[in-house]
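Undergrad: this is a predicted model, with the sequence first.
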Amino acid sequence: MTESIALYSLPDTDHFYEVCGPAEQTNPENVFQKRGVVFAPFEISDHPIYRIPGQPVKTTLTKYENFNWQKKHRPLHQTKQSTYQDMFHRAIQGIEVGSCEKIVLSTRSADTSSIPSLPAFLQQLRQSYPSAFVYLFYIPHEELWIGASPELLLDTNYPFQRTAALAGTRKGAPKLGDWPAKEREEHHYVEQYVEKVIEGQKFRKEGPHPVKAGPVFHLKTNYFIDIEGPVVNPFRLHPGPALSGYPVQAAIQKIHEIEDSSRHYYTGFLGPVWNEGNSRLFINLRCLEMLRDGQLLYAGGGLTIDSDATAEWTEIQDKLGTLRSKF
């Protein structure tokens, strides 16, 4: 079996869907033109947008228990703490001179332990993160990604289009008053960006409010946009300040200069597209990339002028450890 496979489970459900068939490359203008599952990178100039076309059908994970996953060979390049500290200081220098107010840095952690059963791993993610979009995306010899995204990019189902501003990470913070100024400021950057994209359209705003995602909380604001207006372009929302920084284009330029490796599909987006352009797209967070010699776990965090290098590194390790514990 050499066809590509997408397996996914929508938030607050307990079943999985599959789409199987030959993967094809597409472009931003044609993302909504066919049914299937779309898989987009952080930067479309660096990597292709993939689609596995087809109608999603309900499936059981046990059918993939003995499946032979054909993984890509690429070195397991990981971010050392010393490298991160250098990246951190270069980012803060950029903020100090005024080129950006916020920069999001990503890291990679290599893991060579065996994951004996990918279906069991997916099921574990489903149970651990009931409100997440849980998925596996596979193109033989090219891509094999697994994740549990807490973040909606765009939902275009009647009677509303829906998107969200999600930013900030904190343990034990179920109330808005539990959040200090740094995290609330970080979240406000994302709100401003979303509201600029949907400017001129009729929408309703709810939030911000803390939402639980596994052992941590995030700040979230929901936006409900009139479906009668223009369909929101996901490539205008993405990559927003929660993934890159603020202002967005200046932050992306800094990321190119600073980060030690390509993000590939980490902080990209993915999800099902149904008939007539209906879709549910999610940011590719809390994820790992499986390669022939092991897996790369991805995590990151937003930096502002008040950020502390040690605290940021510890937060990233907490995120990586949470995902690693589900193997």
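TA: Received, thanks.
Undergrad: quick check: chain neighbours aside, which residue is closest to Leu270?
TA: Setting aside the residues directly before and after it, Leu270 is nearest to Phe39 in space (C-beta to C-beta, 6 or more residues apart in numbering), at 4.6 Å. (Glycine included, C-beta is placed from N, CA and C.)
Undergrad: how about Pro215?
TA: Counting by C-beta to C-beta, 6+ apart, Pro215 lies nearest to Thr322, which is 6.0 Å off, once chain neighbours are set aside.
Undergrad: next, that neighbour: secondary structure please.
TA: Under DSSP: H, G, I helix; E, B strand; the rest coil, Thr322 falls in the helix class.
Undergrad: tally up the residues packed near it, please.
TA: Thr322 has 17 neighbours, counted by other C-beta atoms under 10 Å.
Undergrad: what sits against it?
TA: For Thr322, the contacting residues are 214-216, 286, taking C-beta atoms under 8 Å, 6 or more residues apart in numbering as the criterion.
Undergrad: show me which pair in those is furthest apart.
TA: For the contacts of Thr322, the farthest-apart pair by C-beta to C-beta is Pro215 and Arg286; their separation is 11.6 Å.
Undergrad: on that earlier part again, the residue nearest to Leu270 against Leu136, yeah?
TA: No. With contacts defined as C-beta atoms under 8 Å, Phe39 does not count as touching Leu136, sitting 10.9 Å away.
Undergrad: which one of the two is surrounded by more residues?
TA: Legend: neighbour count by other C-beta under 10 Å for Phe39 and Leu136, higher for Phe39 (27 against 24).
Undergrad: number of nearby residues for the residue lying closest to Ser279 once chain neighbours are set aside?
TA: Nearest residue to Ser279, sequence neighbours excluded (C-beta to C-beta, 6+ apart): Val273, at 4.4 Å. Other residues within reach of Val273 by the criterion other C-beta under 10 Å amount to 23.
Undergrad: a strand runs through Phe224, doesn't it?
TA: Yes. Membership of Phe224 in a strand is supported by three-state DSSP.
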